[in-house]
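*Asks:* Structure, please.
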Amino acid sequence: MPIRNRLAEMQPEIAGWRRDLHMHPELLYETHRTSAFVADKLRAFGCDEVVEGIGRTGVVGIINGKGSGPTVGLRADMDALPILEATGLPHASQTPGVMHACGHDGHTAMLLGAAQYLAETRNFEGRVAVIFQPAEEGGAGGDAMVKDGMMDRFDIAEVYGMHNAPGLAVGHFAIRTGAFYAAMDAFEIVVTGKGGHAARPHEVIDTTIVAGQILSALQTIASRNADPVKALVVSVTSFRTDTDAFNVIPETVTLRGTVRSFDADLRDLAERRIAEIAKRTATVYGASAKVDYQRGYPAMVNHEAETGFAAEVAARVSPEVDAEAPAIMGGEDFAFMLEARPGAYIQIGNGDTAGVHHPLYDFNDEVIPAGCSYWVELVETRLKLAS
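*Replies:* Next up is the predicted model:
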């Protein structure tokens with residue numbers, strides 16, 4: 001079935017919700033206005049249960065169907081990013097330095113639209129749990145909601161997510177079985193030597209030289225330690241000294257960076273080798289290195305059966321579905337929900353727009369009918385009424 005006529009008719013109203021959310025972005029777990037907006041809408045739609053405060057500021061709405069059956073979870077993220085918006089649009093962020101640069105406003109609005117439709121029609125058996133998650137952008141809100149007992153509390157059997165994709169045609173879909181988004185880790189290396197006057201380098205232990213050697217050596221982890229047929233990224237993104245003076249060799253240098261991987265063994269390898277390379281290289285030069293490695297989101301792995309099902313559903317809505325989309329080195333904390341329950345995560349095209357996390361990005365409201373229709377089609381297919 002193509003895009004639902006009712007959802008196409010609702011598009012201007014849903015776009016209005018989306019633009020309101022865009023004008024009032026909130027970071028991480030501080031989604032108080034957004035969460036209240038969502039909860040008020042769900043109650044107005046007639047959801048059978050609306051629970052706030054799951055995973056601190058998450059919201060879950062329950063919609064009962066016309067008969068007994070399993071509970072399917074649909075998830076949207078709500079938080080924005082610490083970016084100064086440069087779009088100049090009438091609905092641009094009213095909060096300086098904060099904007100919806102990843103389209104979570106659109107994700108939230110589309111799931112609200114689907115929730116309204118499902119609450120009106122209830123053309124399914126079982127239950128739908130519409131999940132509105134805070135803190136996707138680095139705060140592990142998905143993990144927080146899972147740890148708060150969401151899956152067991154609402155007896156969620158399967159869970160599905162969706163994200164817009166700039167560069168993919170509007171309303172087209174992309175998905176893949178297995179690892180889709182990468183595990184996302186961070187590291188910090190503090191190199192300590194002996195600072196001093198730059199004109200007397202023989203009297204110091206030059207931390208800039210040591211840190212430079214470490215930086216170069218870290219690139220051998222992917223090129224010489226990892227299996228070349230497996231993807232691994234080790235990137236140093238920050239090189240900071242404890243002085244800005246042109247004639248001072250610093251006492252300390254701090255390197256920071258990120259590791260991206262899909263394979264658990266490669267993740268372990270990278271963590272081990274970063275520590276070994278940093279500490280041993282520093283020792284060679286008479287310096288020392290302290291390494292702090294922080295594991296972030298795990299790899300987001302789509303389950304095989306649910307991914308096939310999601311692709312079939314998308315094909316009923318869209319003229320184009322790429323079921324073998326390329327894996328992405330970005331992180332996504334829907335991974336925690338997919339570790340807790342089977343499910344799948346799909347991309348929907350945002351058209352020829354600025355990329356996510358860019359000051360000129362804006363969610364494309366033309367996507368709304370297709371996104372809402374996907375959610376509704378998924379529910380009515382998975383929880384099909386008995387004939």
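*Asks:* Now do the longest helix anywhere in the chain, average pLDDT.
*Replies:* Longest among the helix segments of the chain by residue count, using DSSP state H, is helix 264-284. Mean pLDDT, helix 264-284: 98.
*Asks:* tell me how far the next helix or strand after that helix is from the chain's mean position?
*Replies:* With elements assigned by DSSP states H and E, the helix or strand that comes after helix 264-284 is strand 288-295. Shown here is strand 288-295, whose average C-alpha point lies 25 Å from the average C-alpha point of the whole chain (Cα atoms, centre = their mean, to the nearest Å).
*Asks:* what's next to strand 288-295, contact-wise?
*Replies:* With contact meaning Cβ atoms under 8 Å, 6 or more residues apart in numbering, strand 288-295 is reached by 183, 185-193, 210, 214, 267, 271, 274-275, 278-279, 281-282. No exception for glycine: its C-beta is placed from N, CA and C like everyone else's.
*Asks:* run the last query once more with 6 Å
*Replies:* Under the contact criterion Cβ atoms under 6 Å, 6 or more residues apart in numbering, strand 288-295 has outside partners 185-192, 271, 275, 278-279, 282.
*Asks:* Equivalent analysis for stretch 33-52, please.
*Replies:* When contacts are defined by Cβ under 6 Å, 6+ apart, stretch 33-52 is touched by residues 24, 26, 57, 59-64, 78, 112, 115-116, 119, 132.
*Asks:* make it 8 Å
*Replies:* Counting by Cβ under 8 Å, 6+ apart, the neighbours of stretch 33-52 from elsewhere in the structure are 17, 20-21, 24, 26, 57-64, 78-79, 108, 112, 115-116, 119-120, 130, 132, 134.
*Asks:* just stretch 257-272 next, same as before
*Replies:* By Cβ under 8 Å, 6+ apart, the list of residues contacting stretch 257-272 reads 179, 182-187, 218, 221, 225-227, 230-238, 274, 293, 295, 299, 327, 329, 331.
*Asks:* Span of it from start to end?
*Replies:* The separation between the terminal residues of stretch 257-272, taken as Cα to Cα, to the nearest Å, is 15 Å.
*Asks:* cool, stretch 296-304 as well?
*Replies:* 24 Å.
*Asks:* if we can go back for a sec, and the buried ones among the contacts of stretch 33-52, selectable in ChimeraX?
*Replies:* The buried subset of the contacts of stretch 33-52, as determined by 16 or more other Cβ atoms under 10 Å, is captured in ChimeraX by this line:
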select :17,21,24,26,57,58,59,60,61,62,63,64,78,79,108,112,115,116,119,130,132,134
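*Asks:* Could you give the number of residues near residue 51?
*Replies:* A count of nearby residues for residue 51, using other Cβ atoms under 10 Å, gives 17.
*Asks:* and it, bridged to which residues?
*Replies:* residue 60 (DSSP bridges).
*Asks:* how close does it sit to residue 74?
*Replies:* Between residue 51 and residue 74 the distance is 15 Å, computed by Cβ to Cβ, to the nearest Å.
*Asks:* Please enumerate the helices of this protein.
*Replies:* For the chain, the helices defined by DSSP H cover 5-23, 32-45, 104-121, 141-147, 150-153, 207-218, 220, 264-284, 304-317, 334-340, 368-382.
*Asks:* what about these, which gets the closest to residue 159?
*Replies:* Proximity to residue 159, assessed across the helices of the chain by Cβ to Cβ, is greatest for helix 334-340 (4.9 Å).
*Asks:* list the helices and strands that closest one packs on?
*Replies:* strand 71-77, helix 141-147, strand 156-166, strand 300-302, strand 343-351 (3 or more Cβ pairs under 8 Å, 6 or more residues apart in numbering; DSSP states H and E).
*Asks:* Contacts only, for the residue nearest in space to the middle of the chain.
*Replies:* Ranked by distance to the mean C-alpha position of the chain (Cα atoms, centre = their mean), the top residue is residue 332 at 3.1 Å. Applying Cβ under 8 Å, 6+ apart, we find residue 332 in contact with 136, 161, 163, 180, 181, 297, 300, 345.
*Asks:* Quick one, which of the helices of the chain gets closest to residue 357.
*Replies:* Each of these has some distance to residue 357 by Cβ to Cβ; the shortest is helix 104-121, at 11.5 Å.
*Asks:* Of the contacts of strand 288-295, grab the buried ones for ChimeraX.
*Replies:* Typed into ChimeraX, the next command selects the buried ones out of those (criterion: 16+ other Cβ under 10 Å):
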select :185,187,189,190,191,192,271,275,278,279,282
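*Asks:* could the contacts of strand 288-295 be laid out in TSV, adding distance to residue 354?
*Replies:* Formatted as TSV, the contacts of strand 288-295 follow (distance: Cβ to Cβ, whole Å):
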residue	distance to residue 354
185	27
186	26
187	30
188	31
189	33
190	36
191	37
192	41
271	34
275	38
278	37
279	42
282	41
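*Asks:* Most widely separated two among the contacts of strand 288-295?
*Replies:* Of all pairs drawn from those, the widest gap by Cβ to Cβ lies between 185 and 192 and measures 23.1 Å.
*Asks:* pretty sure residue 183 is touching residue 327, no?
*Replies:* No - at 11.6 Å, residue 183 does not count as touching residue 327 under the criterion of Cβ atoms under 8 Å.
*Asks:* which of the two has more neighbours?
*Replies:* Here residue 183 and residue 327 are set side by side on neighbour count (other Cβ under 10 Å), and the busier one is residue 183, at 24 against 15.
*Asks:* For the more buried one, name its beta-bridge partners.
*Replies:* Beta-bridge partners recorded for residue 183 (DSSP bridges): residue 261.
*Asks:* Okay, now the unreliable bits of this protein?
*Replies:* Along the chain, segments meeting pLDDT under 70 span 1, 387.
*Asks:* got the contact list for the closest residue to residue 106 other than its chain neighbours?
*Replies:* Take residue 106 and drop its neighbours on the chain: the residue closest to it by Cβ to Cβ, 6 or more residues apart in numbering is residue 363, 3.4 Å away. Taking Cβ under 8 Å, 6+ apart as the criterion, residue 363 is in contact with 18, 22, 100, 103, 105, 106, 164, 350.
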